[in-house]
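what follows is a predicted structure for the sequence shown.
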Amino acid sequence: MKDPLKEKVRPRRRPSSSGRLGKSTDRNPPAHEAQERKLSQRMPRGWQAGFRKAFDQAAIGMALVGLDGRWLRVNPALCKIVGYSEQELLVTDFQTITHPEDLDGDLNYVQQMLNQKIRSYQMEKRYLHKAGQVVWVLLSVSLVCGSDNKGLFFFSQIQHITEGKRAEEALRESEKRVRAILDNSPNLIFLKDVEGRYLVVNREFERALSVSQEQIEGRRDDEVFPPMQAAAFRANDLQVINGGVKMEFEEIALQEDGPHTSIVQKFPLFDAGAKIYAIGGIVTDITGRKRVEEALRRSEARYRELLENTPYGVYHATWDGRFIDVNPALVSMLGYPSKEELMAVNLATGVYHSPDDRTQLIELSRETGRIRGAEIEWKRKDGKPIAVRINGRFLYDESGDLVGTEGIIENLTEWRELEKQFRQAQKMEAVGRLAGGIAHDFNNLLTVIKGNGDILLGLVEQGGLQRRSVEQLRKAADRAASLTRQLLAFSRMQVLQPKVLEI
């Protein structure tokens, strides 16, 4: 886009023509000189010298312009502004060096003065400098009339404002850039005066709160938000104003889709006298992050609850064996009175019954990075060994280096004892089955012996030697029967509890 302040326009010279005022005039030096002499004759003699001196020494451009637009008298300041000498200007008119886009407006004002609708006017306009560039001026024109109230000439004051216009343009461009940054920011941005009235908000602010710049400008928080929120915002604003420094707050604002939590950075703005005249704010919506954090907190709480209540031991340790976290089950399993006391023990040297076992376990599991059902011997605080089963994994950093281990520990000591008892029971069951078989066979033999003994007792005489032998045989058979019953009871794993029965 072309900078109108730097636009190059070549001055135009027009041939003269008779007539009072127009965009094209004919130059007739004798007529011009006659008009200037006529002008001088109308001025009081004493006033002419004083006016001429003030006119020529004025810091701003001054000119006397004929009713047809011709330059009648110009001062050095005007010549400097437009780059023409006095002689060059006096043979032309203001229309010649006026920028084409400003000429119609200028001529319109002139015509209104000639028609006595106005007595003066002021406008910003552009002149075409002799070197080709455009110069901006603030033109003030008044009509000088004679005693008959008819116009004699125009008195023009020309103030050079090109630098000011450039500064204004630069400011406008700067404001456009700032506005572009504001409106393309994903953050809500605002500016308030010290009374809390909104001065500027960006497009994201308008979108989030469904309000336009025009609607919110000049309004305070208590006119936009619910009372409690507005009071909280104002309290934070006052902290910044009273402290004179940037501060960060967590604020909750009600939007169309519900409350939003934001981190708000508020900062003071100072004027040239180091006095705070406004505060700015940059709002970062963290509602989504808060929801994620809350979900994570709940998840961690559930994990912690599971960790604290599981019957299995759980640990997290560094690669060199320093515990980072352990659960109550592991503390109890290893016989320590508190978590802190176990945390002070090194996993490699204080828990493994043999440190070599850990080294061997790591080497066997390094390829997969996981420990699956490894059975190994640990030791309790009192030195008593316990059998454990480990399921765990190795932990790596971003560079792929081993940094730690995690494990779930199952105490196998009770299981091992139960297994021992089970094996013993199996052995006893086998012995019982053997004893039962022997008892049954032996009982069959005893039945024959006892039966034959009873028959012999009926055949021998009382008191004889043979009688005593048979009786001893019968008693031995009864004792053998008693032993047989004991073997049968053992085979059934029964406790012998004889009872007296009434028959």
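Looks like it came in fine.

the stretch 301-450 of the chain: strands as residue ranges?
Using DSSP state E, counting those that start in this stretch, the strands assigned to the stretch 301-450 of the chain run over residues 313-318, 323-326, 370-379, 385-396, 402-411.

redo those as JSON lines? Include distance to H260 and mean neighbour count.
Placement of C-beta: from N, CA and C, glycine included. Converted to JSON lines, the strands of the stretch 301-450 of the chain look like this (distance: least, Cβ to Cβ, whole Å; neighbours: other Cβ atoms under 10 Å):
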{"stretch": "strand 313-318", "distance to H260": "36", "mean neighbour count": "19"}
{"stretch": "strand 323-326", "distance to H260": "35", "mean neighbour count": "18"}
{"stretch": "strand 370-379", "distance to H260": "44", "mean neighbour count": "15"}
{"stretch": "strand 385-396", "distance to H260": "37", "mean neighbour count": "17"}
{"stretch": "strand 402-411", "distance to H260": "38", "mean neighbour count": "18"}
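
residues near R298, how many?
When neighbours are defined as other Cβ atoms under 10 Å, R298 has 10 of them.

tell me which helix or strand it sits in.
Per DSSP states H and E: R298 is located in helix 287-309.

so which residues make contact with that helix?
Residues from elsewhere that reach helix 287-309 (Cβ atoms under 8 Å, 6 or more residues apart in numbering): P259, H260, T261, S262, V314, N327, P328.

can you rerun that using 6 Å?
Here helix 287-309 makes contact (Cβ atoms under 6 Å, 6 or more residues apart in numbering) with H260, T261, V314, N327, P328.

out of the strands of the stretch 301-450 of the chain, which gets nearest to K475?
strand 385-396 (54.4 Å; Cβ to Cβ).

who are the packing partners of that closest one?
strand 370-379, strand 402-411, helix 413-459 (3 or more Cβ pairs under 6 Å, 6 or more residues apart in numbering; DSSP states H and E).

helix or strand right after the last one?
Using DSSP H and E, the next helix or strand after helix 413-459 towards the C-terminus is helix 465-491.

helices or strands up against that following helix?
For helix 465-491, the packing partners by 3+ Cβ pairs under 6 Å, 6+ apart are helix 413-459.

any idea of the mean pLDDT for the helix it packs on?
Per-residue pLDDT over helix 413-459 has a mean of 73.

same question, stretch 154-165
The model assigns stretch 154-165 a mean pLDDT of 93.

in what helix or strand does S156 lie?
strand 151-160.

direction included, what does that strand pair up with?
If you go by DSSP bridges, strand 151-160 pairs up with strand 61-65 (antiparallel), strand 134-145 (antiparallel).

adding distance to L188, write the helices and strands packed on strand 385-396 out as CSV.
As requested, these are arranged in CSV below (distance: least, Cβ to Cβ, whole Å):
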stretch, distance to L188
strand 370-379, 48
strand 402-411, 41
helix 413-459, 62
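
out of those, nearest to S85?
strand 402-411 (85.8 Å).

so how far is the closest one from its chain's centroid?
Put simply, strand 402-411 sits 34 Å off its chain's centre (Cα atoms, centre = their mean, to the nearest Å).

next, give phi and psi for N202.
Phi and psi for N202, reported as degrees, to the nearest 10, are phi -90, psi 180.

for it, give me its contacts.
When contacts are counted by Cβ under 6 Å, 6+ apart, N202 touches L182, D183, I189.

reformat these as a markdown table; add pLDDT and neighbour count.
Below are the contacts of N202 laid out as a markdown table (pLDDT from 0 to 100; neighbours: other Cβ atoms under 10 Å):
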| residue | pLDDT | neighbour count |
| --- | --- | --- |
| L182 | 87 | 18 |
| D183 | 88 | 13 |
| I189 | 93 | 18 |
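
now go through those and say which are in strands.
Among the contacts of N202, the residues falling in strands (DSSP state E) are I189.

neighbours around the closest residue to K339 other than its chain neighbours, how many?
Excluding the flanking residues, the one nearest K339 by Cβ to Cβ, 6 or more residues apart in numbering is V331, at 5.3 Å. Neighbour count for V331, taken as other Cβ under 10 Å: 19.

tell me how far V331 lies from D271.
From V331 across to D271, the span is 65 Å (Cβ to Cβ, to the nearest Å).

flag every buried residue along the helix holding R298.
Buried residues in helix 287-309, counted by 16 or more other Cβ atoms under 10 Å: T287, L307.

one more: stretch 246-265?
Buried residues in stretch 246-265, counting neighbours by 16+ other Cβ under 10 Å, are found at F249, E251, A253, H260, S262, V264.

equivalent analysis for stretch 66-76, please.
G66, L67, D68, G69, R70, W71, L72, R73, V74, N75.

just the CA trace of stretch 334-354, in CSV.
Backbone C-alpha positions of stretch 334-354 (Å, rounded to 0.1, in the frame of the first residue of the first chain) are rendered in CSV as follows:
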residue,chain,number,x,y,z
LEU,A,334,9.0,-57.3,55.6
GLY,A,335,8.3,-56.8,59.3
TYR,A,336,9.0,-53.1,59.6
PRO,A,337,7.1,-50.9,62.1
SER,A,338,6.6,-48.0,59.7
LYS,A,339,6.8,-47.0,56.0
GLU,A,340,9.6,-44.5,56.8
GLU,A,341,11.8,-47.1,58.3
LEU,A,342,11.5,-49.4,55.3
MET,A,343,12.0,-46.4,52.9
ALA,A,344,15.4,-46.0,54.5
VAL,A,345,16.5,-49.5,53.6
ASN,A,346,18.2,-50.2,50.3
LEU,A,347,16.3,-52.7,48.1
ALA,A,348,19.4,-54.4,46.8
THR,A,349,21.4,-54.8,50.0
GLY,A,350,18.7,-54.7,52.7
VAL,A,351,15.8,-56.7,51.2
TYR,A,352,17.3,-59.4,48.9
HIS,A,353,18.6,-62.3,51.0
SER,A,354,21.5,-62.4,48.6
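
and the contacts of that stretch?
Residues contacting stretch 334-354 (Cβ under 6 Å, 6+ apart): 317, 321, 323, 326, 331, 355, 358, 377-382, 385.

beta-bridge partners for L254, please?
Beta-bridge partners of L254, as defined by DSSP bridges: P259.

can you redo the strands of the stretch 301-450 of the chain as TSV with distance to E206?
Converted to TSV, the strands of the stretch 301-450 of the chain look like this (distance: least, Cβ to Cβ, whole Å):
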stretch	distance to E206
strand 313-318	49
strand 323-326	48
strand 370-379	55
strand 385-396	48
strand 402-411	49
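
out of these, nearest to R203?
strand 385-396 (45.5 Å).

partners of the closest one in the sheet?
Sheet pairing for strand 385-396, assigned by DSSP bridges, gives strand 370-379 (antiparallel), strand 402-411 (antiparallel).

for it, what is the distance to the chain centroid?
39 Å.

and the angle for that strand with strand 313-318?
Here strand 385-396 points in a direction 50 degrees away from that of strand 313-318 (axes from the mean of the first three to the mean of the last three Cα atoms, to 10 degrees).

alpha carbons only: can I get strand 385-396 in PDB?
Only the C-alpha atoms of strand 385-396 are listed here, as PDB (Å, rounded to 0.1, in the frame of the first residue of the first chain):
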ATOM      1  CA  PRO A 385      14.000 -65.300  55.100                       C
ATOM      2  CA  ILE A 386      10.700 -65.200  53.200                       C
ATOM      3  CA  ALA A 387       9.900 -66.600  49.800                       C
ATOM      4  CA  VAL A 388       8.400 -64.100  47.400                       C
ATOM      5  CA  ARG A 389       7.100 -64.000  43.800                       C
ATOM      6  CA  ILE A 390       7.900 -60.800  41.900                       C
ATOM      7  CA  ASN A 391       6.100 -59.400  38.900                       C
ATOM      8  CA  GLY A 392       7.500 -56.000  37.800                       C
ATOM      9  CA  ARG A 393       9.100 -53.900  35.100                       C
ATOM     10  CA  PHE A 394      12.100 -51.800  34.500                       C
ATOM     11  CA  LEU A 395      11.800 -48.000  34.100                       C
ATOM     12  CA  TYR A 396      13.600 -46.000  31.500                       C
END
